[in-house]
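Q: sequence and predicted model, in that order:
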Amino acid sequence: MIATKAGPGGNGPDGSAFPYNNGRPGRGGGTAVAFATDAATSTLASTTLTVGVGKEYAKPSQAIAAAPDGATILIDAGTYTDDFATIYGNNITIRGVGGKAKLVQSSTGVIPNGKAIWTVDGNGDTIDNIEFSGAHVPSQNGAGIRAEQTGALTITHSYFHNNQDGVLGPGANTASITITNSEFAFNGAGDGYSHNVYIGNAASLTFMYNYTHDANVGHLLKSRASKNVIEYNRITGQNGTDSYEIDLPNGGESYIIGNIIEQGAKTQNPAIVEYAEEGATNAVQKLYAINNTIVNDRSAGGTFIAVSHSPFTKIMNNLFVGAGTPVSGATLGAGNVTTQNPGFVNRVGFDYHLTSTSTAAINAGFDAGTANGVALDPTHEYIQPLTSISRGVVGAAIDAGAYEYTGSGSSVGSFAHAMAAMGAHGAAIATPVAATPSSAPTLLAVPSHVA
């Protein structure tokens, strides 16, 4: 199935959804958060609510309903079944402590608003170290998180699996969403209109240090945002039946830098990265694809980067591995390498670090220059699981692809261990591996590509 056209529903981005019809209750109804009184505003920043056995609240939804703007909600690790909520408060931080807080919709559970386990309508909120699974609604757009805010939302150190959609939205053209250090797996209703991650017509998406894989027919990452910063992620189809690995159907100012991207043998589409195939409707049409390792495991080949509507492109220093055409609809820049023999540490095991036999890629790159005042050369490498290390240049020139060969094999063992722990080769993950500190995790730096 080629999952690109508008679909049924009316309750999500592929239906009639953008802009969303929120239909939400007033701030005093449902799980809405009431505005704090003027007298309390000076203490909002220090408000902390706790959730768990013997804590202030037994359920996350209860704390969300009670939290004033600026509050922090700490949820003990554990499983919270059929506990649904809408977050109306602003600048609220919701964090799992002592491990992930697992929000699960059961097979018989019913989401009251027909949207998501958590729906976010507030601005400036942060969701940290939470797991979402099982989200389903009759329209097949049930999401772990439905983002409906008009401002910013940050999701970090979280895990979305076996939902109809992992994250869905936002659709407001003033909204921004930042997703870091998170995993998405086995999401999709199987209809081709639901995905691991689906961002609507937002102002911007920042997607960094994530692992998205094994989607069910839908895309691993789809975004209609005007601006997309997609850097240092692992975006791999593996044993899934996903369609595109990255789909930017309306183009936009888009930076795809330093990613590991793989199309699995069971894919629903010949293309791996798609740009503007549904129309160049975003105001800026510029694509920067720099130093990605893109692997095609589809035996019939395909197109690694498919570009429509003649945008400005800079496609440099990418490592294309497998059968297919490197690019269509655009011109390749310098430093790109196409090979059937990349010399990876373990291609079958998805470890695409270079070895001394990776002669085609080593020192093959060039300085990518700048765009909008920001250097395009990669500064990090994705490290399994869900983090990164700094990347420098070793030798005469930068290597093609997402990894720099350092002459050291130290990454091999740690990568294999992490893949086994996280469910390599598409196995269902019972206990995901991720940072689960009892205090706030350290966020990696998120560079800003200033338009």
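A: Alright, I've got the coordinates.
Q: contacts, neighbours, all on C-alpha from now
A: OK.
Q: from residue 138, how far off is residue 112?
A: Using Cα to Cα, to the nearest Å, one obtains 12 Å as the distance from residue 112 to residue 138.
Q: hmm, I typed the wrong one, I wanted residue 398.
A: For residue 398, the distance to residue 138 - Cα to Cα - is 50 Å.
Q: these two: who's more crowded?
A: Between residue 398 and residue 138, counting by other Cα atoms under 10 Å, residue 398 is the more crowded of the two (26 against 12).
Q: does that one sit in a helix or strand, and which one?
A: Applying DSSP states H and E as the criterion places residue 398 outside every helix and strand.
Q: list the contacts of it.
A: By Cα atoms under 8 Å, 6 or more residues apart in numbering, the contact set of residue 398 is 362, 363, 364, 365, 366, 367, 392, 404.
Q: same deal with residue 405?
A: Neighbours of residue 405 in contact, by Cα under 8 Å, 6+ apart: 353, 354, 355, 356, 362, 394, 399.
Q: tell me if I'm right that the fourth one and residue 363 touch.
A: This points to residue 356. No: if you go by Cα atoms under 8 Å, residue 356 and residue 363 don't touch, sitting 11.7 Å apart.
Q: list the helices and strands the longest strand along the chain packs on?
A: Across the chain, the strand with the greatest residue count (assigned by DSSP state E) is strand 93-104. With contacts taken as 3 or more Cα pairs under 8 Å, 6 or more residues apart in numbering; DSSP states H and E, strand 93-104 sits against strand 72-81, strand 125-128, strand 130-133.
Q: which SS class is residue 273?
A: What DSSP: H, G, I helix; E, B strand; the rest coil gives for residue 273 is strand.
Q: that one touches residue 302, doesn't it?
A: No: contact criterion Cα under 8 Å: residue 273 and residue 302 do not qualify, at 10.5 Å.
Q: looking at those two, which one has more neighbours?
A: Under the criterion of other Cα under 10 Å, the comparison of residue 273 against residue 302 puts residue 273 first, with 24 against 21.
Q: the helices in this structure, which residues?
A: Secondary structure of the chain by DSSP state H: the helices cover 60-66, 410-422.
Q: quick one: mean pLDDT for the longest one?
A: Per-region confidence: helix 410-422 scores 47 on mean pLDDT.
Q: next one: the shortest one
A: When the per-residue pLDDT values of helix 60-66 are averaged, the result is 98.
Q: stretch 378-392 too?
A: Averaged over stretch 378-392, pLDDT sits at 97.
Q: and that stretch, which residues are buried?
A: Neighbour-count burial for stretch 378-392, counted by 16 or more other Cα atoms under 10 Å, picks out 378-388, 391-392.
Q: off-centre distance for that stretch?
A: Here the centre of stretch 378-392 is set off from its chain's centre by 16 Å, with Cα atoms, centre = their mean, to the nearest Å.
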